[in-house]
Structures are given as C-alpha cells and as structure tokens.
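Chemist: what follows is a predicted protein model with its sequence.
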Amino acid sequence: MLRTRLGIMMFLQFFIWGGWFVTLGTFLSQNLDATGGQIGMAFSTQSWGAIIAPFIIGLIADRYFNAERILAILHLAGAALMFGLYRSQDFASFYPLVLVYMILYMPTLALVNSVSFRQMRDPSQEFAKIRVWGTIGWILAGLAISYLFSWDGAEAIAGGALRNTFLMCAIASLALGVYCFTLPATPPKADTRKGGLKEILGLDALQLLRDRNYAIFFIASVLICIPLAFYYQNANPFLAEIGVANPTGKMTLGQISEVLFMLLLPVFIHRFGIKITLIVGMLAWAVRYALFAFGDAGEGVYMLLIGIALHGVCYDFFFVSGQIYTDARAGERFQSAAQGMITLATYGVGMLIGFWVAGLVTDHYVTAEGHDWYGIWLFPALFALAVLLLFLVAFKDKDSTSTKPEASRT
C-alpha cells in the first residue's frame, strides 16, 4: 500500500514535467513567435531552478518543515503558475511565470526522493521500484499529447492546441498538491541544522578536484551539458517542423530506452569499467546528433528514431555512471556534498551555458522556410566529439568504481 502511494506521487511528479517541458520549444516558436534566444531563456529556467534549489531544500525545507507539506505547497503554487502559463499570450508575460515555476519545481525533485527514502528500510532495493513510476508518468504524458489528444500535429499546433498542455499540467499539479498532504509525515532530521551553507551547496566536495582524473571528468560533465541542452530545447520543434507525425509520442522512446539501459548499466560498468562506460555515453551524444543532422521525415525517419532511442545510452552511460563514479570517489564523508556539487555544476551551470549556446546557434540557422537543421545538429555533434577526444586523451583512471578515493588521489 505504501509503495503504491509513493508510486502515485512519483507518477504525477514526472507526468507534470513531461507534460509541458518536451513541447515547450515548439509552443514558444509556433504560438508565441519566440526567437531561439528567447526559447533558450525559457529552457534556462530549469538551470536557475537547479542552482537555487539547494537553498530552498538545504536552508528551508530540510530544517523547518515536513518534506511532504512543503512539497504540497510548492505543487499548489505550481498549479496556479501553470494556469498563468496557459493564459499567456506573449513571451514577455510567459517568461516571468515559467522562471518562478521552475524555481519552485526543481526543489520538488529532491523532496519526492526525501519522502520516499524516509519510508524505506532498504532504499537500494526499494527505490528503483518507486522511481520507475516517474518515468512511466513522463512517457504517458507524451503519449497522451500525441495519441490521446493529438495536440502536436501540424494543424493542431498552428491552432494553438499545445497551450492545453499547461492546463493539463495545472490540473495534475493541483491533484498532486492536494495528494501530498495525505503522504506519510516526513519531518526534518535533527542533524540537518548543523550543516553550514558550504556543506548544503556541496562545496565541501571541491577538494575532490585535487584528483586530476576526477577534475577532468568534472570539466567533461559541464562541457557535455552544452550538447545535452540542444536535445531538450530543439528535438521536439525539429521533429514537428520537418513533419514527423506524433513527435511527442515518438520522443517517449527516449524514456523507454532510459529504463532499459539503466538495467544494463551495472553489468556494463562491471564488465568494461567506468572509463569505457563514460566514453560510450559521450560517443552516443555525437552519434545521435549526426543521425538528427542526416535524417528526415521520409525515408530517413529511421535515423531520427534511432537518435531518440539513444537517449538511454546518452543519459545513463554518462550522467548516471558519473553519479556512481562521483559517489565512489567521494567516500562516506563527502557523498552527499559531492552529489550536490556535480548536480549544481551540470544541471545548473553547464546547462545554463548550454541553453544559451543552443539559442544562439538556432537563431544563426534560421531560414525563410524555418531552420537549417543540418547546421544546428552538426554543431552539438562535433562539440560532443571534441569533448570525447579531450576526455579520451586526458582521463587515465582505468579502474572501476570500486576504487577507494584515497587510492586515486594525486
């Protein structure tokens, strides 16, 4: 029963995110006449949310309020903001609302984990069974947009149907906000008051950068977020503009792939080690963007579908394995701080730069007919390849994640 309750929470949490974020670029360009730079600004709100989230969680939520209560309040406020986005008629009124929304939403990603972990006896065995419902929620949101409501067809987009995604997510946010008040009590831990700002933001873990190999991995993680931003910002508008049917539904292949490759990841790391795993992840980014550059909505549509399906390799083999590598290098003393540091660096700083670059590149390749997508996708393909080559030359840690931190310091 408890697992079901937590699964519903995770389902709604990611249904909300997947229900509007995937089609955001298409909506802004087609319905609000936003430029590439403006679309980049809108997507960058995720990064600002990731940067500010540690303050909300570490300085407020973890210290003074039950996690389930502040989770409820944030989602209720999010429902009101989503309704405001639904009614926005231009980018000037849209942007402030989406900025405030993401500042409130990003902390909820940590809060749902906190609520889940505190109810589990063995999180290592139980959490994956709860978290998978979040991925299912994201997938079903995309399928509903494409196949249930048909909001992302060419005529529907032109008629402004994608605006309904915000109303759908407002209703889901309202439901989750009310539902969170029924979740098991998750009071603050007594020892959370002892940590300072440096510990909350993960800055204690900066000493990991003394390890040359980890510093190289850290830099590569920030840099690879630049091509990552191109996918989030441009994939759905690209598929819609070139005439791929049901683009949002087809993009759920990426989440399905993510689940499958998540199961393969431990086996791959054990067999080939962390370096090869990270290299495969970075190579997948270059390959997927090359497939996007050369694919089309006709005979080349299979290239696009393969590129979407590579999302599991791209994300799991680099970002998830990177979290595992960070955990192994940090040791018990800095585990939480190190995860906070790498999240702040990637989803915060890295993707903030990435969305800005993606906006500039997209604007550069605007044409009378729409966009020169070959040029747009070739940029992140070559960028990811360059990051891979630098990593390949500089990263010398051939050991698996079982290596103790002390043994790897230089």
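Modeler: Alright, I've got the coordinates. Numbers count the residues shown, from 1 in each chain.
Chemist: right, and Thr277 touches Phe317 too?
Modeler: Yes. Shown here, Thr277 and Phe317 form a contact pair, counting by CB atoms under 8 Å, at 5.4 Å. (C-beta placed from N, C-alpha, C; glycine too.)
Chemist: just the element for the nearest residue to Gly359 once chain neighbours are set aside, please.
Modeler: For Gly359, the nearest residue in space outside its immediate sequence neighbours is Gly40; the separation is 2.6 Å by CB to CB, 6 or more residues apart in numbering. Assessed by DSSP states H and E, Gly40 sits inside helix 36-54.
Chemist: for that helix, the averaged confidence score.
Modeler: With pLDDT averaged residue by residue, helix 36-54 scores 91.
Chemist: model confidence for Ala290, exactly?
Modeler: Listed pLDDT for Ala290 reads 98.
Chemist: quick one: the residue nearest to it when sequence neighbours are not counted and Tyr374, what's the gap?
Modeler: With sequence-adjacent residues excluded and distances taken as CB to CB, 6+ apart, Ala290 is closest to Ala381, at 4.7 Å. To Tyr374, Ala381 is 10 Å away according to CB to CB, to the nearest Å.
Chemist: what do you get for Trp17?
Modeler: With distances defined as CB to CB, the gap from Trp17 to Tyr374 amounts to 30 Å.
Chemist: what about the strands in the stretch 251-400 of the chain?
Modeler: Secondary structure of the stretch 251-400 of the chain, counting by DSSP state E, counting those that start in this stretch: no strands present.
Chemist: so where's it uncertain?
Modeler: Low-confidence segments of the stretch 251-400 of the chain (pLDDT under 70): 331-337, 398-400.
Chemist: please parse this protein into its domains.
Modeler: Following the assignment in automatic domain parsing, the chain carries domains at 1-184, 201-405.
Chemist: as a markdown table, those with mean neighbour count would be great.
Modeler: Conversion of the domains of the chain to a markdown table gives the following (neighbours: other CB atoms under 10 Å):
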| stretch | mean neighbour count |
| --- | --- |
| domain 1-184 | 20 |
| domain 201-405 | 19 |
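Chemist: separation between the residue nearest the centre of the chain and Ile52?
Modeler: Central residue check for the chain by CA atoms, centre = their mean: the C-alpha nearest the mean position is that of Tyr347, 7.4 Å away. Distance, Tyr347 to Ile52, by CB to CB: 12 Å.
Chemist: picking that back up, between Ala381 and Tyr374, which contacts overlap?
Modeler: Between them, Ala381 and Tyr374 have Ala293 as joint contacts when contacts are counted by CB atoms under 8 Å, 6 or more residues apart in numbering.
Chemist: what's the angle between the helix or strand encompassing Ala110 and helix 36-54?
Modeler: Using DSSP H and E, Ala110 falls within helix 91-118. Going by axes from the mean of the first three to the mean of the last three CA atoms, to 10 degrees, helix 91-118 is angled at 30 degrees with respect to helix 36-54.
Chemist: show me what whichever helix or strand comes after helix 91-118 is packed up against.
Modeler: Sequence order places helix 123-143 as the next helix or strand after helix 91-118, per DSSP H and E. Contact here means 3 or more CB pairs under 8 Å, 6 or more residues apart in numbering; DSSP states H and E; on that basis helix 123-143 packs against helix 2-18, helix 91-118, helix 247-294.
Chemist: which other residues reach helix 123-143?
Modeler: Under the criterion CB under 8 Å, 6+ apart, external residues in contact with helix 123-143 comprise 3, 6-8, 10-19, 22, 112-113, 116-117, 120, 248-249, 251-252, 255-256, 258-259.
Chemist: that older thread, residues shared between the contacts of Thr277 and Phe317?
Modeler: With CB under 8 Å, 6+ apart, Thr277 and Phe317 have common neighbours Leu265, Phe268.
Chemist: can you redo the helices and strands packed on helix 123-143 as CSV with distance to Tyr231?
Modeler: Formatted as CSV, those follow (distance: least, CB to CB, whole Å):
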stretch, distance to Tyr231
helix 2-18, 14
helix 91-118, 18
helix 247-294, 8
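Chemist: mind checking which of these is nearest Leu392?
Modeler: The closest approach between Leu392 and any of the helices and strands packed on helix 123-143, judged by CB to CB, belongs to helix 247-294 at 6.4 Å.
Chemist: what about that closest one, distance to the chain center?
Modeler: 14 Å (CA atoms, centre = their mean, to the nearest Å).
Chemist: do I have it right that the residue nearest to Gly359 meets Leu352?
Modeler: No. Here Gly40 lies out of contact with Leu352, judged by CB under 8 Å, at a distance of 9.6 Å.
Chemist: CA atoms only: put the helix holding Gly40 into CSV for me.
Modeler: What follows is helix 36-54, C-alpha atoms only, in CSV (Å, rounded to 0.1, in the frame of the first residue of the first chain):
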residue,chain,number,x,y,z
GLY,A,36,15.9,30.9,-30.5
GLY,A,37,17.5,33.1,-27.8
GLN,A,38,14.1,33.5,-26.1
ILE,A,39,13.5,29.8,-26.2
GLY,A,40,16.9,29.3,-24.7
MET,A,41,16.0,31.7,-21.9
ALA,A,42,12.8,29.7,-21.2
PHE,A,43,14.7,26.4,-21.0
SER,A,44,17.4,28.0,-18.9
THR,A,45,14.8,28.4,-16.1
GLN,A,46,15.5,24.8,-15.4
SER,A,47,19.1,25.6,-14.7
TRP,A,48,18.2,28.6,-12.5
GLY,A,49,15.9,26.3,-10.6
ALA,A,50,18.7,23.8,-10.1
ILE,A,51,21.0,26.5,-8.9
ILE,A,52,18.5,27.9,-6.4
ALA,A,53,17.1,24.5,-5.3
PRO,A,54,19.8,23.8,-2.7
